[in-house]
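K.L.:
need a structure here:
(chains A, B, C, D, E and F)
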There are 4 protein chains.
Amino acid sequence: MDINKIVNQNIARNMNGRTSLPPGMIKLADALNELLKKKDFNSITAAQISRTAQVNESLIYRYFKDKRGALHFLLHNYMVDFMQDIGRQLKQGKGALNKLRVLIRGHITMYDANRVFAKILLLEVRNFPGYFESDTYELIKSYGRFMTAIINEGVESGEIRNDIALSRIRNMIMGGIEHACMAPVIFGYSISEESVDDLFKLLFQGIASPENPVG
Amino acid sequence: MDINKIVNQNIARNMNGRTSLPPGMIKLADALNELLKKKDFNSITAAQISRTAQVNESLIYRYFKDKRGALHFLLHNYMVDFMQDIGRQLKQGKGALNKLRVLIRGHITMYDANRVFAKILLLEVRNFPGYFESDTYELIKSYGRFMTAIINEGVESGEIRNDIALSRIRNMIMGGIEHACMAPVIFGYSISEESVDDLFKLLFQGIASPENPVG
Amino acid sequence: MDINKIVNQNIARNMNGRTSLPPGMIKLADALNELLKKKDFNSITAAQISRTAQVNESLIYRYFKDKRGALHFLLHNYMVDFMQDIGRQLKQGKGALNKLRVLIRGHITMYDANRVFAKILLLEVRNFPGYFESDTYELIKSYGRFMTAIINEGVESGEIRNDIALSRIRNMIMGGIEHACMAPVIFGYSISEESVDDLFKLLFQGIASPENPVG
Amino acid sequence: MDINKIVNQNIARNMNGRTSLPPGMIKLADALNELLKKKDFNSITAAQISRTAQVNESLIYRYFKDKRGALHFLLHNYMVDFMQDIGRQLKQGKGALNKLRVLIRGHITMYDANRVFAKILLLEVRNFPGYFESDTYELIKSYGRFMTAIINEGVESGEIRNDIALSRIRNMIMGGIEHACMAPVIFGYSISEESVDDLFKLLFQGIASPENPVG
DNA sequence: TATGAATGAGGTTTCATTCAT
DNA sequence: AATGAATGAAACCTCATTCAT
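P.N.:
Numbers count the residues shown, from 1 in each chain, chains lettered A, B, ... in the order given. Below you'll find the model as predicted:
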């Protein structure tokens, strides 16, 4: 279970054998990204996206399945970037708990930096019909599986308690991250160090195995 | 500054001199309330509301200014109910800090109980064009003024520190409440006692006057 | 051919055996009259009429066939009033030409005084589907016949030339009146004495029999 | 102050850099023009326009801001055509009074020929909310300024009396034109040579400077 | 790779009108 | 003599989407 593999597969899929994306496609994605800073996805129209991108409206349907497809493309790119970044950071890390720390901190840092991405993932997609069958969600699931794998590693090495189901632990972590980021994202203030520290304390006091208490 | 006065004025305004509301109006409000449990306001159509209410679509526009008017009506009713309730609870309370406790706890309890109301107030209205000029917002402002009055009472009695602007304190409280409720409302879990306790600790350590430390 | 008979028949029809009209009916007609001062008929809504009249909307349909029925009622009343007035004025007049003068002057004076009536008759009714089959139009036709009768009287007495068809002469007069009133009515200025004098000159030089030149 | 400049600017604006207008746009404008021959603008529906044009209803909103936008487009085109025509005719004219004659006669001839345009300008637009802020009205104002410029020319050359404000004179001319055309336009008869001659007499006796009496 | 032209479905809103009381 | 409640039809308008080039 290697995050770089996932990343590579997904980069490949995006580019379908080509080295570079068509200009119109990029312009559209950028335009959508720009618009998402100010409005929620549903109230952005296809006409607006193409106008902002300065390309023809029907290009949206050439490059993406439909309007929502453009959003998924954006999400996908953010996700791939994020995972590439995490992949790089994890190279140094030793031990499951350390890796988890890197992962969580990276995740939160990314939400802090990319408010558009955060907003969509935290608020919008949940209501999208068909989201849970989408490619994007697949990618997120594989990210989840990756996290599970690290947790499992920790359980096997004795770093992490073995009396809670892996999926439980993963959900706690994910929930914790979301909880910590939600209000800052919605109200537009930055995510405080303290709240991240609190999250760490909470999580690691909870999941560390009793024999390995967190300092 | 009496909350009951505000309430009475606003009940009166709603019913414009009539004892009972037309059945269709109630059906529509109920229908909208029901639909808001599952979808956000913008993706609920007038046709859906009327179908759910089992009345003619045009009734929406007879009883409310427009689709959004129906939402404001709902909000207004929730708000009036809430303020009536608070008014009752405050009768026993002595001292500004105690009153504030009652107010905050009541506010959170209400958000906990009325998820639809909470969701709208925390997430939706902010984006509504013209919201800050609406009657509903007026009502909310009068609630804010009511809270400020209590804080002021506390400052004058020496219970609350006098070196922070009243409006600052009020905003801290409001922000604290929202922060505490945001994630539970979005993810649909109930608001924990602990988080409320935490909020109290934070707030009352912050605002109590140094001579009156909170035990 | 007596104008008073026409008037009486038409008053009778209005009141269908009753001495007074129901209050709501009057209120509605007044309200419509008021609104017509500012807007054209098509952009006045039934709701507005009843709101202005301070009665229930459905009263319109109790007292009149429909919204347009209310307008016809108004027109009818104006017309009957006008004809009563003319009837009174004609009592003194001797000779066909004198009667015509009274008639035309009366007509224009009435248009000058009742801008609402003038506007409707000059501008609106022409486009109304079914207008030319309406009761109101019947009344106007009987007014036309009355004028024709006077002209005929003049032809027989030798006052008016007999080499133009009666209907032609009547149309010339009617057209002349309308022409003189049109611009003042539309632009809202009062009808000048001069333009009426011009009309008289034009008409009476045109229609007077050569043996009876108009000084 | 050159009428051709105004014209060119406004042609350019219409076509926003394109050589030809989309077929649907033209069809819609033509259809509206056709319908205006029989009904007034307010009682023409968007559905009717598109049905007459044999295109989809929503094209109206693609090519024009809204239904009224289509009317403004029509007006604009009529106006530009008219001004182009006037521009051509004025090339020969010498002297301010001669130019004014050409202008007035051209104006009336155009009203005589384009009844739709005349009807809208004389009757409809006045009631339109926002008309006096519209682009179309801007164009008409620039036409007015053009006329004022000619009058001014005449004043400076001594052809036109200098004891009446320019705007007064212009308003007299405009009012005279409207007055002369009003009834013919409404009743659908053609504008007589005599009434135009009368207008000329009236205006030029009124405005010519005493030293330059109009023969 | 991109554009211009056009469409259909469905959204919000308005309004004359009817029915029961 | 009058009201309150409700309706259906149709108006205006928006928008995602497709097609031909």
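K.L.:
just the element for A:Gly154, please.
P.N.:
Element membership of A:Gly154, judged by DSSP states H and E, is helix A:135-157.
K.L.:
go through the helix or strand just after that helix and flag the buried ones.
P.N.:
Next helix or strand after helix A:135-157 toward the C-terminus (DSSP H and E): helix A:166-187. Neighbour counts over helix A:166-187 (16 or more other Cβ atoms under 10 Å in any protein chain shown) mark A:166, A:169-170, A:173-174, A:176-186 as buried. Glycine gets a C-beta too; all of them are placed from N, C-alpha and C.
K.L.:
in chain A, what secondary structure element scores lowest on mean pLDDT?
P.N.:
In chain A, no helix or strand scores lower on mean pLDDT, DSSP states H and E than helix A:3-15, which sits at a mean of 69.
K.L.:
was I right to think A:Asn174 contacts A:Gly144?
P.N.:
You called it Asn, but residue A:174 is Met. Yes. Under the contact definition of Cβ atoms under 8 Å, A:Met174 touches A:Gly144, with a separation of 7.3 Å.
K.L.:
so which residue is dead centre in chain A?
P.N.:
The residue lying closest to the centre of chain A (Cα atoms, centre = their mean) is A:Met79, at 4.9 Å.
K.L.:
ok, that one to chain D distance?
P.N.:
Separation of A:Met79 from chain D (Cβ to the nearest Cβ, to the nearest Å) stands at 36 Å.
K.L.:
ok, the buried residues of helix A:166-187 vs DNA strand E, which is closest?
P.N.:
Comparing these against DNA strand E with Cβ to the nearest atom of the strand places A:Ile186 closest, at 24.3 Å.
K.L.:
list the contacts of the closest one.
P.N.:
If you count contacts by Cβ atoms under 8 Å, 6 or more residues apart in numbering or on different chains, A:Ile186 has them with A:119, A:123, B:122-123, B:182.
K.L.:
among those residues, which ones are in helices?
P.N.:
With DSSP state H as the criterion, helices contain A:119, B:182 from among the contacts of A:Ile186.
K.L.:
could you work out the most separated pair of the contacts of A:Ile186?
P.N.:
Pairwise distances across the contacts of A:Ile186 (Cβ to Cβ) peak at 14.5 Å, for the pair A:Lys119 and B:Leu122.
K.L.:
count the neighbours of the residue nearest to A:Met110 when sequence neighbours are not counted for me.
P.N.:
Using Cβ to Cβ, 6 or more residues apart in numbering or on different chains and skipping the chain neighbours, the partner closest in space to A:Met110 is A:Phe82 (5.0 Å). A:Phe82 has 20 neighbouring residues, counting by other Cβ atoms under 10 Å in any protein chain shown.
K.L.:
same question for the one 3 residues further on.
P.N.:
With neighbours defined by other Cβ under 10 Å, the count for A:Asp85 comes to 15.
K.L.:
check what pLDDT it gets.
P.N.:
We have a pLDDT of 91 for A:Asp85.
K.L.:
that one contacts A:Met110, doesn't it?
P.N.:
Yes. Using Cβ under 8 Å, A:Asp85 is in contact with A:Met110, at 7.3 Å.
K.L.:
so after the least confident helix or strand of chain A, what's the next helix or strand?
P.N.:
Trace forward from helix A:3-15 with DSSP H and E and the next one is helix A:23-36.
K.L.:
ok, and what's touching that following helix?
P.N.:
Taking Cβ under 8 Å, 6+ apart as the rule, helix A:23-36 contacts A:44, A:48-50, A:52-56, A:59-60, A:62-64, A:70-71, A:73-74, A:77, A:116, A:119-120.
K.L.:
quick one: buried residues of the helix or strand encompassing A:Asn98?
P.N.:
Take DSSP H and E as the rule and A:Asn98 turns out to sit in helix A:96-113. Neighbour counts over helix A:96-113 (16+ other Cβ under 10 Å) mark A:96-97, A:99-100, A:102-108, A:110-112 as buried.
K.L.:
try stretch A:145-158
P.N.:
Using 16+ other Cβ under 10 Å as the test for burial, stretch A:145-158 gives A:146-155.
K.L.:
low-confidence ranges in chain A?
P.N.:
A:1, A:12-19, A:206, A:208, A:210-215 (pLDDT under 70).
K.L.:
quick one: A:Phe204 is in a strand?
P.N.:
No. Applying DSSP: H, G, I helix; E, B strand; the rest coil, one finds A:Phe204 to be helix, outside a strand.
K.L.:
touching, it and A:Leu97? I think so.
P.N.:
Yes. The criterion here is Cβ under 8 Å, and A:Phe204 meets it with A:Leu97 at 7.0 Å.
K.L.:
roughly how far apart are whichever residue of chain A sits closest to chain D and chain B?
P.N.:
Distances between chain A and chain D by Cβ to the nearest Cβ are smallest at A:Ala47, namely 9.6 Å. For A:Ala47, the distance to chain B equals 18 Å [Cβ to the nearest Cβ].
K.L.:
how near is A:Met172 to A:Gln205?
P.N.:
Using Cβ to Cβ, to the nearest Å, A:Met172 is found at 12 Å from A:Gln205.
K.L.:
same check, this time on A:Asn33
P.N.:
Using Cβ to Cβ, A:Asn33 is found at 38 Å from A:Gln205.
K.L.:
next: A:Val185.
P.N.:
Distance, A:Val185 to A:Gln205, by Cβ to Cβ: 25 Å.
K.L.:
ditto for A:Glu153
P.N.:
According to Cβ to Cβ, A:Glu153 and A:Gln205 sit 20 Å apart.
K.L.:
cool, and A:Ala46?
P.N.:
Separation of A:Ala46 from A:Gln205 (Cβ to Cβ) stands at 49 Å.
K.L.:
how many other residues sit next to A:Asp2?
P.N.:
Neighbour tally, A:Asp2, other Cβ under 10 Å: 11.
K.L.:
spell out which parts of chain A neighbour chain B.
P.N.:
Within chain A, the positions lying close to chain B (Cβ under 8 Å from any Cβ of the partner chain) are A:39-40, A:42-43, A:122-123, A:127, A:175, A:178-179, A:182-183, A:186-187.
K.L.:
and if we set it to 10 Å?
P.N.:
Residues of chain A lying close to chain B (Cβ under 10 Å from any Cβ of the partner chain) are A:39-40, A:42-43, A:122-124, A:126-127, A:175, A:178-187, A:189.
K.L.:
please confirm that the residue nearest to the centre of chain A is located within a helix.
P.N.:
Yes. Per three-state DSSP, A:Met79 lies within a helix segment.
K.L.:
was I right about it contacting A:Val125?
P.N.:
No. A:Met79 is not in contact with A:Val125 according to Cβ atoms under 10 Å; the separation is 11.6 Å.
K.L.:
list residues touching both of those two?
P.N.:
Residues touching both A:Met79 and A:Val125 (Cβ atoms under 10 Å, 6 or more residues apart in numbering or on different chains): A:72, A:136, A:140.
K.L.:
for chain C, tell me which of these show up nearby.
P.N.:
Contacts with chain C within these, counted by Cβ under 10 Å from any Cβ: none were found.
K.L.:
tell me the one of those nearest DNA strand E?
P.N.:
Distance to DNA strand E across those (Cβ to the nearest atom of the strand) is lowest for A:His72, with 18.8 Å.
K.L.:
for the closest one, give its distance to B:Lys39.
P.N.:
21 Å.
K.L.:
now do A:Phe41
P.N.:
From A:Phe41 to B:Lys39 the distance is 15 Å (Cβ to Cβ).
K.L.:
so between the two, which is more surrounded?
P.N.:
It is A:Phe41, of A:Phe41 and B:Lys39, that has more neighbours when counted by other Cβ under 10 Å, with 20 against 12.
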